[in-house]
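Q: Curious how this folds, go ahead:
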Amino acid sequence: MQAKLIAVMVSLVAVLALSACGSTPDTSTAQGTPDTTSPSSSIEPAAPLDLTGTWASKSDDASDTTMQATVKDSTIEINWVTPDSTSLYWTGSYEAPTEATDTYSWTSQGDTETMSSALLASQDSTKDFTYENGELTFETSALGATKTIRLHRN
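A: So this is what the prediction gives:
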């Protein structure tokens, strides 16, 4: 009985020893230096979402009035645009995304001093903006009605 137990233990030790000596993926070359040709080293991280540029709403059938936004540096400015005029609606802060993403939201701090002298400007001190599915959206209110404005990149 002891001979069988010893034989089983020797076999178990041999199996463990042989499996420990088995080959594993090695990321170094024969000289021991790291292998830089692996596919993972050539993948670059995706760039953060870039919302800078000009954005515009589409005119509805009843009006020639649209909204146009310019996002640059750390600001966003939105204007009411008609065939004959442009009027300030919003100017405020823009917080750029820091990572690659398909959706993004931020709360813009309005430049209330600049907007206070514009007749058609928002009276809000902050405004929430969201980017999703290629649209930059925000809400505007007038005469008790609230509407979501959808801007598309020009």
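Q: So the spatially most central residue of the chain: helix, strand or coil?
A: By Cα atoms, centre = their mean, the chain has its centre lying nearest to residue 101, at 3.1 Å. Three-state assignment for residue 101 (DSSP: H, G, I helix; E, B strand; the rest coil): coil.
Q: can you pull the contacts of it?
A: Contact partners of residue 101, counting by Cβ atoms under 8 Å, 6 or more residues apart in numbering, are 48-49. For the C-beta atoms, the positions are set from N, CA and C on the backbone; glycine is no exception.
Q: repeat that for 10 Å
A: Listed by Cβ atoms under 10 Å, 6 or more residues apart in numbering, the contact set of residue 101 reads 46, 48-49, 131-132.
Q: Over to residue 150?
A: Applying Cβ under 10 Å, 6+ apart to residue 150 gives the contacts 55, 57-58, 67, 133-138.
Q: cool, and residue 106?
A: Listed by Cβ under 10 Å, 6+ apart, the contact partners of residue 106 are 51, 76, 93-97, 127-131.
Q: now the residues you listed as CSV including pLDDT, secondary structure and distance to residue 115?
A: Conversion of the contacts of residue 106 to CSV gives the following (pLDDT from 0 to 100; DSSP: H, G, I helix; E, B strand; the rest coil; distance: Cβ to Cβ, whole Å):
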residue, pLDDT, secondary structure, distance to residue 115
51, 98, coil, 21
76, 99, strand, 12
93, 99, strand, 13
94, 98, coil, 15
95, 97, coil, 19
96, 97, coil, 22
97, 97, coil, 25
127, 99, strand, 11
128, 99, strand, 16
129, 99, strand, 16
130, 99, strand, 21
131, 99, strand, 22
